[in-house]
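Test case, fold it:
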Amino acid sequence: MSKSQRVIHKYHFPSQVARHYVLMPGWIEPLAFQIQHGVPTLWYLLHLNGLPLDYEFDLVFTGDRYDESDEEQYEYIGTAQDGDIVWHLFQVKATP
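Residues are numbered from 1 along each chain as shown. Predicted coordinates:
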């Protein structure tokens with residue numbers, strides 16, 4: 001059995017849109033969520049298995065309404081602060 005190759009990458013959330021759809025070139029493990037140069041950024045460990053995977057993330061400000069529906073499961077990734085603005089990142093997973 002061969003070991004998968006792994007590399008650390010980052011993803012900048014380019015806008016203040018709440019829901020982000022991201023196609024990754026493999027399975028990811030979130031490592032950190034911080035502000036870099038004023039932009040919310042997720043660092044992750046990417047497993048290069050050759051199978052692209054779709055990911056959904058919700059970027060939520062403190063004080064925003066955030067409703068969980070019965071059809072989705074949210075996994076908390078982290079919180080980052082940029083001055084008075086505080087961001088919270090969740091990964092959205094479809095329930096089986």
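
what about the most centrally placed residue in the chain, which helix or strand?
Nearest to the geometric centre of the chain sits residue 57, at 4.8 Å (C-alpha atoms, centre = their mean). Take DSSP states H and E as the rule and residue 57 turns out to sit in strand 53-61.

residue contacts, the residue nearest to the centre of the chain?
Residue 57 sits next to 13, 19, 20, 22, 42, 77, 89, 90, 91, 92 when contact means C-beta atoms under 8 Å, 6 or more residues apart in numbering. The way it works is simple: take the backbone N, C-alpha and C, and place the C-beta from them, glycine included.

Most neighbours among those residues, please name it.
When neighbours are counted by other C-beta atoms under 10 Å, residue 42 leads the contacts of residue 57 with 25 neighbours.

what's that residue sitting at in phi/psi?
The phi/psi pair for residue 42 (degrees, to the nearest 10) reads phi -110, psi 120.

returning to what we had before: buried ones in the strand holding residue 57?
In terms of neighbour count (16 or more other C-beta atoms under 10 Å), strand 53-61 has its buried residues at 55, 57, 58, 59, 60.

Report the distance from the helix or strand following it to the chain centre.
The first helix or strand that comes after strand 53-61 along the chain, using DSSP H and E, is strand 72-82. Its chain's C-alpha centre and that of strand 72-82 lie 8 Å apart, by C-alpha atoms, centre = their mean, to the nearest Å.

partners of strand 72-82, with directions?
strand 85-94 (antiparallel) (DSSP bridges).

right, and residue 59 touches residue 11 too?
No. The criterion here is C-beta atoms under 8 Å, and residue 59 misses it with residue 11 at 11.2 Å.

Ignoring the adjacent residues along the chain, who's closest to residue 40?
residue 13 (4.4 Å; C-beta to C-beta, 6 or more residues apart in numbering).
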